[in-house]
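Chemist: predicted model and sequence follow; I will ask about them next.
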Amino acid sequence: MTGETAMFEAALKPQLQDLAIFGRAPAFAEALHVGRPNVGSRERLLERINDMLDRNWLTNDGPFVREFEKRIAQFVGVRHCIAMCNATVSLEIAIRALGLTGEVIVPSFTFIATAHALQWQEITPVFCDIDSKTHTLDPAQVEKMITPRTTGIIGVHTWGRACDIDGLEEIAHRRNVQLLFDAAHAFGCSYRDRLIGGFGSCEVLSFHATKFFNSFEGGAVLTNDDSLAEKIRLMRNFGFHGYDRVIYIGTNGKMTEVCAAMGLTSLESIETFVEINRRNYDDYRRGLADVPGVNLLAYDEREQSNYQYIVCEVDEAAAGLTRDELVQVLTAENVLARRYFFPGCHQMEPYRSYFPHAHLVLPETEKLCRRVMLLPTGTAINRDTVSQVCRIIGIAVAQAAGVKAQLAKTH
Ligand code: T4K
């Protein structure tokens, strides 16, 4: 190689010193978050809030909540949508309305709310392993976890990718247990061409600020079962049936009017939100295609998806870096990549103390918890940002040995 070619190649080669872990200024002056809210038309939202104030009706099954429920049910194609203050309370109410007791099978690879919604009512969450390819409950493992105390299974449509619904339905039916779904990530996603929301006894959506579609805080139970819907509606409002009559134990799970106003406004922009997520996902896919060991999780092109999560699995053997090292590199650049759902529900309290040996039956969960990293997306991110984030990852992996050495020195 001539001196000139060597210089040319060195100039093209990604430079270690380009990274903030070596003391350079971070690539981004402001933090990039996973979960930055998408906001639709401000004018429409403020108009609705003005209407709400003019009406002086702020909560308790108001007109915006009713309209929101109707629109969501129509959108998904289910008979009932019962809107609530958040998905966690929606799960708690659904679990109680279905009469679950004893043990309920759930993945450990989920947000802690799925497990807490059971334990909160002294039902034991039995943590079950997932399929490493789909990141959702593995029906073969579910079958093994069923005992005489099992009353239900909660499947989680992780990242908006549907569980093996057919497999779980078959088991639930044969073993005579209830099946419901935590669909917190899955609004606008489909399973075999049908939108998620109408499967199992019921499904629970989240409209939290960090979801691609938000109502500030919010959630909903969706079901095609008329009597279950009626019971859930009553439980959401203390069990009141008329002004002075209570017929169930209930709680306060109501969605406020201002949240419904935001939800209705978000619904008007849902196509734009999905388009932007889709564009970011395609850009990340191209940008990371040649980076060894950083594998972007694919969405099934045959199904509808909301593309709200950019999920990477880091394979240390191929990338030369662990997921945690890569997260450190990104954090130094102000890219706040997240390690959902590290360390797994079974490693968090109180479950860690209750079930100290749970990890022995959760090998795939344990492995995934060490590999998964989420990158920022949504309307706060533009194409240039995505390409810079990919470039940082590319440099870090190309220069893995130098990165490792630097991190070892500074951490
Ligand atoms: N089931 C599953 C499978 C779930 O993933 C969730 C929630 C639930 C059930 C329960 O749903 P909800 O009861 O929340 O409706 C976030 C969300 O809080 C949580 O809703 C979500 N899943 C989970 C996956 O992510 P954190 O603790 O990581 O959020 P946090 O506060 O760190 O926010 C993430 C980032 O978003 C922050 O770094 C900054 C940014 N952010 C956040 C908010 C709220 C903003 O920029 N603006 C904001 O307003 O849990």
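Modeler: Received the coordinates, thanks.

Chemist: what distance do you get for the residue most central in space within the chain to the ligand?
Modeler: Centroid check for the chain by Cα atoms, centre = their mean gives H185 as the closest residue, at 4.2 Å. Distance, H185 to the ligand, by Cβ to the nearest ligand atom, to the nearest Å: 6 Å. C-betas here are computed from N, CA, C, even on glycine.

Chemist: likewise A20?
Modeler: With Cβ to the nearest ligand atom as the criterion, A20 and the ligand are 19 Å apart.

Chemist: one more: V386?
Modeler: Where the ligand is concerned, V386 sits at a distance of 18 Å (Cβ to the nearest ligand atom).

Chemist: and that residue, what element?
Modeler: helix 383-398 (DSSP states H and E).

Chemist: what sits up against that helix?
Modeler: Residues from elsewhere that reach helix 383-398, judged by Cβ atoms under 8 Å, 6 or more residues apart in numbering: 13-16, 18-19, 27-28, 32, 279-280, 283-284, 287-288, 290-294, 319-321, 325-326, 329-330, 333, 335, 375-376, 403.

Chemist: buried residues in that helix?
Modeler: The neighbour-count check on helix 383-398 (16 or more other Cβ atoms under 10 Å) flags T385, V386, Q388, V389, C390, I392, I393, G394, I395, A396, V397, A398 as buried.

Chemist: okay, it in PDB with CA atoms only?
Modeler: C-alpha atoms of helix 383-398 as PDB (Å, rounded to 0.1, in the frame of the first residue of the first chain):
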ATOM      1  CA  ARG A 383     -33.700  11.100   9.200                       C
ATOM      2  CA  ASP A 384     -30.400  12.900   9.900                       C
ATOM      3  CA  THR A 385     -30.600  11.900  13.500                       C
ATOM      4  CA  VAL A 386     -31.200   8.300  12.700                       C
ATOM      5  CA  SER A 387     -28.200   8.200  10.300                       C
ATOM      6  CA  GLN A 388     -26.000   9.800  13.000                       C
ATOM      7  CA  VAL A 389     -27.100   7.300  15.600                       C
ATOM      8  CA  CYS A 390     -26.300   4.400  13.200                       C
ATOM      9  CA  ARG A 391     -22.900   6.000  12.400                       C
ATOM     10  CA  ILE A 392     -22.000   6.100  16.100                       C
ATOM     11  CA  ILE A 393     -23.000   2.400  16.500                       C
ATOM     12  CA  GLY A 394     -21.000   1.600  13.300                       C
ATOM     13  CA  ILE A 395     -17.900   3.300  14.600                       C
ATOM     14  CA  ALA A 396     -18.100   1.700  18.000                       C
ATOM     15  CA  VAL A 397     -18.500  -1.800  16.600                       C
ATOM     16  CA  ALA A 398     -15.800  -1.300  14.000                       C
END
